[in-house]
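Undergrad: 3D model of this:
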Amino acid sequence: MYPALRGSAGNPWQQESFYGEVEDVVAAGQFLKGLKGVDPDRIYLGGHSTGGTLVLLVAGATDIFKQVVAFGPVARADGYGPEDCKFDVEDHQESDLRAPIRFLPHIKSPTLVIEGVWGNSGDARLMQRHNRNPKLKVLVVPKIGHFGVLAPASGYLARVLGRAKEGVVEIEEAPILKACLAERVIQLDASVIRALARYRRNSLRINVRRKIVFSFSASTKAAFEAIKMRAEKAGYKLEEAEASENSDGEKSWSLEFSRRVRLDHLKEFLKAVATADAFAPTLDASFEGFEVVE
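TA: Model (predicted):
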């Protein structure tokens, strides 16, 4: 069931941005419980992005849902900014009423937060650090983003929840990580195919060895050193490495390595990209992409 919230899809009242909408989702759950043919002990709730933020707030307000899965929520709704919020984001009381991180202790149903490392993972980690409630678990998936995590994880969840004979299901992290890794491989292969198509359109000769530059980022010195060691061991040439610091004093590192590849040898091209991706296996490092430079 997809509930239509107040102020949207022709519904009466006004949008309240994660406040009255919590009541709408609770009302939808109560409606489902009363339907013939619906097992009231097997009603689950899920949402993605802003929907993930909303269902996390719902989890802190009611226990009528047997389990809750929030994909890519934020810790505080005011982080979406004044242009997307129907409340004064400068009003601390209004903001606190819409901050899932403040309601984590009140969650009674088993709840899982899932996000890809390239999405709202900072918020996921923040909630993980603040959480003391055993009913809440947080999973940050490496090598995938805010939208990439949704399809593979949802497929697994649909299978395990659909087979469940009882309400609460043990959701394992390993199958989710495996499914997301398979999605990552598909994304990498697709990026290579798109690149080849672009090079052909631009009349770039692909039947010769060309220099490809692979870009990486790291948020810790240890991750930086690990990428550097793996790349050099695999025969990739270091082109550039530099550190930077943001206004909060947080350091990050960027690296570029190169390798010559025959672009028309598809297996060789795919392997070069997949190998580069493996240099950054942790949550503290990212393979940012590749480009032919000569």
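
Undergrad: all contacts plus neighbour counts: C-alpha atoms, from now on.
TA: OK.

Undergrad: Which parts of the stretch 1-150 of the chain are helices?
TA: Taking DSSP state H, counting those that start in this stretch as the criterion, the stretch 1-150 of the chain carries its helices at 20-33, 50-59, 92-96, 121-130, 150-163.

Undergrad: List the buried residues in the shortest one.
TA: Using 16 or more other CA atoms under 10 Å as the burial criterion, the residues of helix 92-96 that qualify are 95, 96.

Undergrad: residues making contact with it?
TA: Helix 92-96 is contacted from outside by 76, 77, 78, 87, 88, 89, 102, using CA atoms under 8 Å, 6 or more residues apart in numbering.

Undergrad: quick check, nearest of those residues to residue 252?
TA: Nearest to residue 252 among those, counting by CA to CA, is residue 76 at 24.7 Å.

Undergrad: and the closest one, how many neighbours?
TA: A count of nearby residues for residue 76, using other CA atoms under 10 Å, gives 17.

Undergrad: Equivalent analysis for residue 14, please.
TA: Residues lying near residue 14 (other CA under 10 Å) number 13.

Undergrad: what does residue 34 give?
TA: Neighbour count for residue 34, taken as other CA under 10 Å: 11.

Undergrad: got it, and the one 10 residues further on?
TA: Per other CA under 10 Å, the neighbour tally for residue 44 reads 17.

Undergrad: Hmm, it is touching residue 67, no?
TA: Yes: with contact defined as CA atoms under 8 Å, residue 44 counts as touching residue 67 (5.1 Å).

Undergrad: In this structure residue 152 contacts residue 183, no?
TA: Yes: the pair residue 152 / residue 183 is scored as a contact, 6.8 Å apart, by CA under 8 Å.

Undergrad: if you skip the residues just before and after it, what's nearest to residue 64?
TA: Excluding the flanking residues, the one nearest residue 64 by CA to CA, 6 or more residues apart in numbering is residue 29, at 7.0 Å.

Undergrad: who's in contact with that neighbour?
TA: Residues counted as contacts of residue 29 (CA under 8 Å, 6+ apart) are 43, 64, 65.

Undergrad: what does residue 156 give?
TA: Going by CA under 8 Å, 6+ apart, residue 156 touches 175, 176, 179.

Undergrad: again, only using 10 Å
TA: By CA atoms under 10 Å, 6 or more residues apart in numbering, the contact list for residue 156 reads 162, 171, 172, 175, 176, 179.

Undergrad: who wins for neighbours among the residues you listed?
TA: Ranked by neighbour count (other CA under 10 Å), those have residue 176 at the top, with 21 neighbours.
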